[in-house]
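**Q** What shape does this take:
(one chain, ligands or ions: 1)
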Amino acid sequence: MRIDIEDLSVAYAGRTVVAGARLVAAEGEITGLVGPNGSGKSTLLRTVYRHLKPTAGRVLLAGSDLRELSAVQSARHVAALPQERQSDFELTVHEVVAMGRTPYKRAFAGDDATDRDTVARALADVGLAAAAGRRFTALSGGERQRVLLARAFCQEPDVLVLDEPTNHLDIRHQVELLALLRAQRRTTLVSLHDLNAAASVCDRLHVLHAGAVIASGPPREVLTPALLAQVFGVRAAVVDHPLTGDPLIAFDHRAPAGPKTPAPAEVPTGG
Ligand SMILES: Nc1ncnc2c1ncn2[C@@H]1O[C@H](COP(=O)(O)OP(=O)(O)OP(=O)(O)O)[C@@H](O)[C@H]1O
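**A** Down below sits the predicted model:
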């Protein structure tokens, strides 16, 4: 299912932090949101998983306004890994992941064989099959993250909304997670700080700057040295990755690119 974000604006207590954002997350593609701290990535994603209401504009799921669906209907279509990660569950890993099955159950119904299989598969997908009986609160940050991802997979959504899913993960688990997302071919809208990960996993990228989408397109077209200097304030060269051929951003970690651009810049957009 495709997601269309149309002229979306979002405000907190009257302060607009996303302003007129337009973007498409195409069916079966991985669509990345990148941008500096505070540029509005999480806020935009919160409207897609219905944690926040837009102040203007709308989010369409397969052409229908998301807000016209019931909470249960939308939970069958859209699953999220939010930034605000609950970590206070006094539950086992299995129980946390099984919460992803709630949209498919009647009130107070127990797990059936399909639920149990789906939970087991999701835990195996994130490499935590052996942890099913452990207490969620006894896990490390990265392990909790993978449990919450398994919960989202368990929802069997058409659309996955992931806010910084590689946060806390060691490099092996980052690689595995991104490979899993690619293999699933689900419509995925994901925010990522790691621009090299975004360049290798995303079909299209949208760059947010001060609440506006200022560039959109395939990673190779979007992640240019000029944009990296203008939006992120860093010096970088973009080369071909020697193993994969993906764009590889080689940052100059010794010095920034000069003063940061204070407001959204006019960067040509590929639509
Ligand atoms: N709950 C909130 N209440 C008030 N303001 C908020 C809230 N959440 C975010 N903001 C503000 O909205 C703006 C956008 O924040 P948001 O978290 O969407 O950015 P982001 O691009 O996801 O940032 P980061 O990369 O740091 O996670 C920031 O100025 C932030 O301070």
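**Q** switch to C-alpha atoms for all contacts and neighbour counts from now on
**A** OK.
**Q** Outline the domain layout of the chain.
**A** 3-223, 224-261 (automatic domain parsing).
**Q** can you tell which of these is closest to the ligand?
**A** Among the domains of the chain, domain 3-223 comes nearest to the ligand, with 3.3 Å by Cα to the nearest ligand atom.
**Q** Format the domains of the chain as a markdown table; extra columns: distance to the ligand.
**A** As requested, these are exported to a markdown table (distance: least, Cα to the nearest ligand atom, whole Å):
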| stretch | distance to the ligand |
| --- | --- |
| domain 3-223 | 3 |
| domain 224-261 | 11 |
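**Q** Quick check: which of the ones you listed is buried the most?
**A** Each of these was scored by mean neighbour count; the highest is domain 3-223, a mean of 19, by mean count of other Cα atoms under 10 Å.
**Q** now the domains of the chain in CSV, with mean pLDDT?
**A** Compiled in CSV, these are given as follows (pLDDT from 0 to 100):
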stretch, mean pLDDT
domain 3-223, 91
domain 224-261, 91
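**Q** the strands in this protein, which residues?
**A** Taking DSSP state E as the criterion, the chain contains strands spanning 3-12, 15-25, 30-34, 56-61, 64-65, 78-81, 159-163, 187-191, 204-209, 212-217, 234-240, 247-256.
**Q** if I read this right, Ser200 contacts Gly245, doesn't it?
**A** No. Counting by Cα atoms under 8 Å, Gly245 is not a contact partner of Ser200; they are 9.1 Å apart.
**Q** So Ala79 versus Pro242, what's the distance?
**A** 35 Å (Cα to Cα, to the nearest Å).
**Q** what does Glu27 give?
**A** Following Cα to Cα, the distance that separates Glu27 from Pro242 is 30 Å.
**Q** got it, and Leu149?
**A** Taking Cα to Cα as the measure, Leu149 falls 30 Å from Pro242.
**Q** ok, now Leu177?
**A** Relative to Pro242, and taking Cα to Cα, Leu177 is found at 22 Å.
**Q** list the contacts for Thr92?
**A** Ala132, Gly133, Arg134, Arg135, Phe136 (Cα atoms under 8 Å, 6 or more residues apart in numbering).
**Q** likewise Val159?
**A** Met1, Arg2, His77, Val78, Ala79, Arg186, Thr187, Thr188, Leu189.
**Q** run the last query once more with 6 Å
**A** Going by Cα atoms under 6 Å, 6 or more residues apart in numbering, Val159 touches Val78, Thr187, Thr188.
**Q** do the same with Ala62
**A** Met1, Arg2.
**Q** which residues touch Val97?
**A** Ala150, Arg151.
**Q** can you rerun that using 7 Å?
**A** Contacts for Val97 (Cα atoms under 7 Å, 6 or more residues apart in numbering) come out as Val119, Val147, Leu148, Ala150, Arg151, Cys154.
**Q** Please report the distance of it from Leu189.
**A** Separation of Val97 from Leu189 (Cα to Cα) stands at 21 Å.
**Q** what's the answer for Pro103, then?
**A** For Pro103, the distance to Leu189 - Cα to Cα - is 21 Å.
**Q** Show me where the stretch 51-200 of the chain has its helices.
**A** Here the stretch 51-200 of the chain has its helices, by DSSP state H, counting those that start in this stretch, at 71-77, 93-98, 113-125, 141-154, 171-184, 195-201.
**Q** from memory Ala150 sits against Ala124, does it?
**A** No. Look at Ala150 against Ala124 with Cα atoms under 7 Å: they stay out of range, at 8.6 Å.
**Q** Make CSV from the contacts of Val159 and add distance to Ser9 to it.
**A** CSV is the format used below for these (distance: Cα to Cα, whole Å):
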residue, distance to Ser9
Val78, 20
Thr187, 22
Thr188, 21
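**Q** ok, those vs Glu164, which is closest?
**A** Of all the contacts of Val159, Glu164 sits closest to Thr188, with 12.4 Å by Cα to Cα.
**Q** any idea how far stretch 79-98 is from the chain center?
**A** In terms of Cα atoms, centre = their mean, to the nearest Å, the centre of stretch 79-98 is set 16 Å apart from its chain centre.
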